[in-house]
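> any chance you could fold what I've pasted below:
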Amino acid sequence: MSLPLKIRRLGRQPYEVTWKAMSAFTDNRTADTVDELWLLEHDPVFTLGQAGKMEHVLAPGDIPVVPVDRGGQVTYHGPGQIVGYPLIDLRRVGVGVRELVSRIEQSLIDTLAHWNVVAARREGAPGVYAGDAKVAALGLRVRRGCSFHGLAFNVAMDLEPFQRINPCGYKGLAVTQLVDLGGPSRLADVEEVLIGEFCRQFDFDAEPAAPLIPELPARVAV
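Residues are numbered from 1 along each chain as shown. Purely as a prediction, here's the structure:
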């Protein structure tokens, strides 16, 4: 039997407020709390995971650098990128961390396939790649058996800030986006496909939820 998954489409949000909100959600949830998937864009920000080294932040300029409690190295978030935060009780879904990562990656691979983009994993470097270029990054945290943080999927954005870092800690790693691979530029269209593929991977039944979280300002992407 499918499990329910609340889908919250939150528009464009500042990073640190969202981080605090999903952390609070994870800390306050109970065994009966329905899992959620938050989809949004962030204001420009570099985030540095727990394994992150400042030496990989080459020239941030006016973009803030925020150390965070997710796994992984440094990445960039900005308008035109879908950020997805799966807030999932792993025990209820019946997956471990490695399987969680694999299924999120597969949902992205299958989403890209809708636009005839061939994508794949890369051993030892979580995320999704089209050829030699990274199109989606993953950085997760599990606390009390529940996941937060998540995925960043480049759709139609300014890729220049990736040149200011060693993406995910890899010097010279090429980065690409869906629009340059022949896909659409409208995030809402891509989100619809991603929601379907994500739910298929975990046998979730999507339930649209209010696009408001008490801790987050009501801001809508244009």
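
> between the two ends of stretch 113-127, how far is it?
End-to-end span of stretch 113-127 (Cα to Cα, to the nearest Å): 15 Å.

> and for that stretch, what's in contact with it?
72, 101-102, 105, 108-109, 112, 128-130, 134-139, 168, 170, 178, 181-184, 193 (Cβ atoms under 8 Å, 6 or more residues apart in numbering). No exception for glycine: its C-beta is placed from N, CA and C like everyone else's.

> hang on, isn't residue 174 packed against residue 135?
No - the pair residue 174 / residue 135 is not scored as a contact, 10.0 Å apart, by Cβ atoms under 8 Å.

> comparing those two, which residue is more hemmed in?
The neighbour comparison of residue 174 against residue 135 (other Cβ atoms under 10 Å) goes to residue 135, with 26 against 15.

> list the beta-bridge partners for the spatially most central residue of the chain.
Among the residues of the chain, the one closest to the centroid is residue 151, at 1.8 Å (Cα atoms, centre = their mean). Beta-bridge partners for residue 151, by DSSP bridges, are residue 84, residue 138.

> same check on residue 146?
residue 89, residue 143.

> alpha carbons only: can I get stretch 192-201 in PDB?
Extracted in PDB, the C-alpha atoms of stretch 192-201 (Å, rounded to 0.1, in the frame of the first residue of the first chain):
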ATOM      1  CA  GLU A 192       5.800  17.800 -11.900                       C
ATOM      2  CA  VAL A 193       7.800  15.100 -13.600                       C
ATOM      3  CA  LEU A 194      10.300  14.900 -10.600                       C
ATOM      4  CA  ILE A 195       7.500  14.500  -8.100                       C
ATOM      5  CA  GLY A 196       6.100  11.600 -10.100                       C
ATOM      6  CA  GLU A 197       9.400   9.800 -10.500                       C
ATOM      7  CA  PHE A 198      10.300  10.400  -6.800                       C
ATOM      8  CA  CYS A 199       7.000   9.000  -5.700                       C
ATOM      9  CA  ARG A 200       7.400   6.000  -8.000                       C
ATOM     10  CA  GLN A 201      10.800   5.200  -6.500                       C
END
